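# Okay, structure incoming, though there's no sequence with it:
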């Protein structure tokens, strides 16, 4: 599976691995599974989508609408955004049938690893991919891969999965200035799986708990909330360029702090923290704001719109809207 789709324009041709490749004739489009907005649209929840887009901190949603959006979000976390899964759900609203489709997709996906066996052994690719699933939301540890392969071999398999867009890296940045990538550390990375539906099937998560629990804990539920926000950040970016994701982590004696995502909006660096419930400490956010002298931070959670000093709290389903909001500070 590739998320880069290409179309032609004028230009020359060069050869790659003995195959013709059009230089200047190719345009890359970076495509992903359906976003939450696209899922709502596919489900014909257009009024709900309109209400979400028009909401803001000054114009919060009524609680009934907020709860309805959270219910849709839980379904989306379970289903993911693969087109066949979404289409099947829209037609029959059968979650168990959608789970079977996801299982078939995963079988096909892993069978597809055989295409790369000349570069990386099939078993090693599968082992590394499974390890990424287990480590989502945490710094990726090569030692966590259950394999007899060495560091270099595991890295080769991981790089191939990243190139295939099955795995998406989130790279550490010092976040002292723009661009964020100027102070990134490729040795410190978290890894995301490309779709929440695929992730929950591979993780063996209890979909009943995700659907019906008021607070789904990010640790017990495999950090699915953090995964969702990272994927929504990617889907909110332009399809014409590759978007990198960043996080921040400070490892110090008696002062360990981590910010799930660091984003750039206009000329501002904004720390983003994800909470899967309605409560949670924000010490890392406040520490980052003080240390980096930033005016505000963002928290995504199940809570409706609110604020805590310098922290603006938004519902989990509101990720795409933060890039449409002219001034988050007001």
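Happy to help now that I have it. Given the structure is predicted, the values throughout are model-derived calculations rather than measurements. Numbers count the residues shown, from 1 in each chain.
# The stretch 151-300 of the chain: helices as residue ranges?
Ranges of helices in the stretch 151-300 of the chain, per DSSP state H, counting those that start in this stretch, are 151-163, 196-203, 207-212, 224-235, 283-292.
# so where's the stretch 201-330 of the chain shaky on pLDDT?
Low-confidence segments of the stretch 201-330 of the chain, defined by pLDDT under 70: 214-222, 253, 277-280, 325-330.
# how about 90 then?
Applying pLDDT under 90 to the stretch 201-330 of the chain flags residues 204-223, 237-242, 250-256, 265-267, 275-283, 306-309, 322-330.
# mind listing the strands for this structure?
Applying DSSP state E to the chain gives strands spanning 4-8, 12-16, 19-23, 26-30, 167-173, 184-193, 245-250, 257-259, 261-265, 268-274, 297-301, 306-308, 311-315.
# which strands and helices sit next to the fourth one?
Right, strand 26-30. strand 4-8 (3 or more CB pairs under 8 Å, 6 or more residues apart in numbering; DSSP states H and E). All C-beta spots, glycine's among them, are computed from the backbone N, C-alpha and C.
# what pLDDT, on average, does the strand it packs on get?
Taken as a whole, strand 4-8 has a mean pLDDT of 38.
# got JSON lines for the helices of the stretch 151-300 of the chain, with mean neighbour count too?
Shown next, in JSON lines, are these (neighbours: other CB atoms under 10 Å):
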{"stretch": "helix 151-163", "mean neighbour count": "17"}
{"stretch": "helix 196-203", "mean neighbour count": "23"}
{"stretch": "helix 207-212", "mean neighbour count": "15"}
{"stretch": "helix 224-235", "mean neighbour count": "23"}
{"stretch": "helix 283-292", "mean neighbour count": "17"}
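# how about those, which one is nearest residue 101?
helix 196-203 (9.1 Å; CB to CB).
# got the contact list for that closest one?
Contact with helix 196-203 is made by 33, 76-82, 85, 98-99, 102-103, 105-106, 109, 130, 133-134, 136, 193, 207, 210, 222, 224, 227-228, 231, as judged by CB atoms under 8 Å, 6 or more residues apart in numbering.
# now with 7 Å?
77-80, 82, 85, 99, 102-103, 105-106, 133, 136, 193, 207, 222, 224, 227-228, 231 (CB atoms under 7 Å, 6 or more residues apart in numbering).
# what angle do that helix and strand 184-193 make?
Interaxial angle of helix 196-203 relative to strand 184-193 (axes from the mean of the first three to the mean of the last three CA atoms, to 10 degrees): 80 degrees.
# Can you select the buried ones from the contacts of helix 196-203 in ChimeraX?
To isolate the buried members of the contacts of helix 196-203 in ChimeraX, using 16 or more other CB atoms under 10 Å:
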select :77,78,79,80,82,85,99,102,105,133,136,193,207,222,224,227,228,231
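# related to what we said a few turns ago, with residue 60 as the reference, name the closest of the strands of the chain.
strand 306-308 (8.2 Å).
# And the closest one, what does it pack against?
Judged by 3 or more CB pairs under 7 Å, 6 or more residues apart in numbering; DSSP states H and E, strand 306-308 is in contact with no other helix or strand.
# at 10 Å instead, please
With contacts taken as 3 or more CB pairs under 10 Å, 6 or more residues apart in numbering; DSSP states H and E, strand 306-308 sits against strand 297-301, strand 311-315.
# out of these, nearest to residue 257?
So among the helices and strands packed on strand 306-308, strand 297-301 is nearest, using CB to CB, at 12.2 Å.
# buried ones in that closest one?
Buried, per 16+ other CB under 10 Å, within strand 297-301: 297-301.
# Show me which of these is closest to residue 168.
For the buried residues of strand 297-301, the nearest to residue 168 is residue 300 (17.9 Å; CB to CB).
# For residue 239, see how far away the residue lying closest to residue 240 once chain neighbours are set aside is.
Nearest residue to residue 240, sequence neighbours excluded (CB to CB, 6 or more residues apart in numbering): residue 29, at 6.8 Å. Using CB to CB, to the nearest Å, we find residue 29 at a distance of 5 Å from residue 239.
# same thing with residue 66?
Computed as CB to CB, the residue 66 to residue 239 distance reads 30 Å.
# So for these two, which residue has more residues nearby?
residue 66 (20 against 14; other CB atoms under 10 Å).
# how is the chain carved up into domains?
Using automatic domain parsing, the domain ranges for the chain come out as 1-31, 36-323.
# on that earlier part again, ok, which of the helices of the stretch 151-300 of the chain comes nearest residue 255?
It is, among the helices of the stretch 151-300 of the chain and with distance given as CB to CB, helix 283-292, at 7.8 Å.
# which residue sits closest to residue 242, ignoring its sequence neighbours?
Residue 242's closest residue in space is residue 30 (CB to CB, 6+ apart), at 5.8 Å.
# what about that neighbour, distance to residue 75?
On the measure of CB to CB, residue 30 and residue 75 end up 26 Å apart.
# Could you do residue 56 as well?
25 Å.
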